[in-house]
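[1] whatever this is, show me its structure:
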Amino acid sequence: MLEEGAPAALDGEALAVFFRIGFFLGEDTPFAHIRALPPGAVLEWRAGGGETAHGGGSFTLSRRRALPLRTLDLPRTALRDGYIELFRQSIRRRPPPAADFVVPLSGGRDSRHILLELHAQGHRPAYCITARGLPPKGDEDVRIAALLAGALGVDHVVVGPPPLPLREERRKNRITSFCSDEHAWLMGVRDRLQPGVAALYDGIGGDTLSTAGLFVTPALLDVFRKEPPERIAHEFIARFGSCSEAALARMLAPGLASAASREAAVRRLAEELEQHLHAPNPINSFIFWNRTRREIALAPFAVLAPARTVFAPYLDHDLYDFLAALSVDVVLQGNLHDEAIRRAYPAHAALPYESAGAGAAAARQVPRGIDRELRAQIAGSLPARLMNNAFLLSRLGVGLLAPARIRWMAPLQTYLGQLETLGAFATPDRKENSIERTLSV
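    Now for the predicted structure:
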């Protein structure tokens, strides 16, 4: 849209959130005049209303998001069995269209459930594929995925980490329209899928809807239940923020730092959080409709777009309605997804999952050569408009940068440098994101 002439003014409030927690909220994008389509939106074209280069008329955009309010009141065994049956139904509704379909395989639950159910229904993928992680992510995915693929007799392809991580970061930013701080590690999978496979099965939404994961803890739930949205926003940033306020203030140019302040982040985050506080699981509801929908979804539907069809079994309407109605207390009582997989596929119940502590050594590392790549990138970006030039110059004059600093600085410097090449500029004004909006063209 920028290449077609859309204004390149940045949305400071949206970026304030993105810089701190790594994903955009609602329909926000980095740009004040560009919005994402809401879930379940209706976009209506009406002819007339003036002559333009494209003939004249207007779009009316109506937002139709409905958050679940009912909570399932069933015994845990019934919930487990319901999960099993609805997932089987979802796979039956999405049979492979041809033999050359692929299952990206990790060491977790979502892709395992998909592969085991496809196998149970007689569908054998052409291969499973796993990407080696870039530090701080370790290689547990490769080890566990190989065990599972071997147990089922399925070919397993492993793609290595990119030799130039920041080059892949730049590619990823373009592909995801600058809406994700993740997924660069998947670029090797994208290249392996070229020129395209018939279908790909992705596990988006599975654990987010049915497990506690990283975000749902008794302590954070207590904050969600007792505190106002602004206090919840402060706590969420404190727990999951990607860098310190001091570091961010040093990195950003003064105008952008002011527009993307912590106060702006708290204000926007509180606004979105308030919409989820009455859901059966308010934490996972917030995560699903924001992080999952706006960031994680960019992996299967943008980065892995060489696949001609992407199936997302956990987003089946019946299965989604079931999982979204699980109470937060059910989720905290234990891993319902583990229970469903063990019950449905007892022959493979002994296969391990990735170990939470296995990546500890990798967490202290950075990709090889990234320090040199970052320095060259900084030198090429000067003078910068969105970044603090004094800070960038100071990075060129020191020795080897500490891994912790590189991990947050390298992707952010890459991101801001690319925005500058697009002509982006900071502005204190935020374009209102109304529920009903008419766009004249």
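
[2] what's the next secondary structure element after the particular helix or strand that has F322 in it?
    Taking DSSP states H and E as the criterion, F322 maps to helix 317-324. The first helix or strand that comes after helix 317-324 along the chain, using DSSP H and E, is helix 328-332.

[3] show residues contacting that next one.
    Counting by CB atoms under 8 Å, 6 or more residues apart in numbering, the neighbours of helix 328-332 from elsewhere in the structure are 72, 76, 79, 210-212, 216, 218, 221, 280-284, 336. Any C-beta I mention is one placed from the backbone N, CA and C, and that applies to glycine too.

[4] circling back: quick one: distance of the helix holding F322 to the chain centre.
    Helix 317-324 has its C-alpha centroid displaced from the chain centroid by 20 Å (CA atoms, centre = their mean, to the nearest Å).

[5] before we move on, what about stretch 12-27?
    Centre to centre, stretch against its chain (CA atoms, centre = their mean), the figure for stretch 12-27 is 12 Å.

[6] go through that stretch and flag the buried ones.
    For stretch 12-27, the neighbour count (16 or more other CB atoms under 10 Å) marks 12-27 as buried.

[7] all strands of this protein, in order?
    Ranges of strands within the chain are 42-47, 57-62, 101-104, 127-131, 156-159, 199-201, 310-311, 436-440, based on DSSP state E.

[8] adjacent strands (with direction) for the fourth one?
    In the sheet containing strand 127-131, its partner strands are strand 101-104 (parallel), strand 156-159 (parallel), by DSSP bridges.

[9] right, and these - which one's nearest P346?
    Within the strands paired with strand 127-131, the stretch nearest P346 is strand 101-104; the backing value is 20.9 Å (CB to CB).

[10] and that closest one, C-alpha only, in PDB?
    What follows is strand 101-104, C-alpha atoms only, in PDB (Å, rounded to 0.1, in the frame of the first residue of the first chain):
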ATOM      1  CA  PHE A 101       1.600 -32.100   1.300                       C
ATOM      2  CA  VAL A 102       3.900 -31.200   4.200                       C
ATOM      3  CA  VAL A 103       3.700 -31.000   8.000                       C
ATOM      4  CA  PRO A 104       6.100 -28.500   9.700                       C
END
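
[11] who's in contact with that strand?
    Applying CB under 8 Å, 6+ apart, the set of residues contacting strand 101-104 from outside is 111, 114-115, 118, 123, 125-130, 189, 193, 197-202, 304, 307.

[12] can you select the buried ones from these in ChimeraX?
    If you want just the buried ones from the contacts of strand 101-104 in ChimeraX, going by 16+ other CB under 10 Å, the selection is:
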select :111,114,115,118,123,125,126,127,128,129,130,189,193,197,199,200,201,202,304,307
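
[13] pLDDT below threshold where in the stretch 101-250 of the chain?
    Low-confidence segments of the stretch 101-250 of the chain, defined by pLDDT under 70: 135-137.

[14] helices of that one, residue ranges please.
    With DSSP state H, counting those that start in this stretch as the definition, the stretch 101-250 of the chain shows helices at residue ranges 110-120, 140-152, 165-175, 187-193, 206-210, 218-226, 229-240, 245-251.

[15] same check on the stretch 251-400 of the chain?
    Using DSSP H, counting those that start in this stretch, the helices of the stretch 251-400 of the chain run over residues 254-259, 262-273, 282-287, 298, 317-324, 328-332, 336-344, 370-381, 389-396.

[16] turn those into TSV, columns for distance to A350, mean neighbour count and mean pLDDT.
    What follows is the helices of the stretch 251-400 of the chain, written out as TSV (distance: least, CB to CB, whole Å; neighbours: other CB atoms under 10 Å; pLDDT from 0 to 100):
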stretch	distance to A350	mean neighbour count	mean pLDDT
helix 254-259	52	18	96
helix 262-273	40	20	98
helix 282-287	29	23	96
helix 298	34	22	98
helix 317-324	26	19	95
helix 328-332	25	18	94
helix 336-344	9	19	97
helix 370-381	38	16	86
helix 389-396	49	14	86
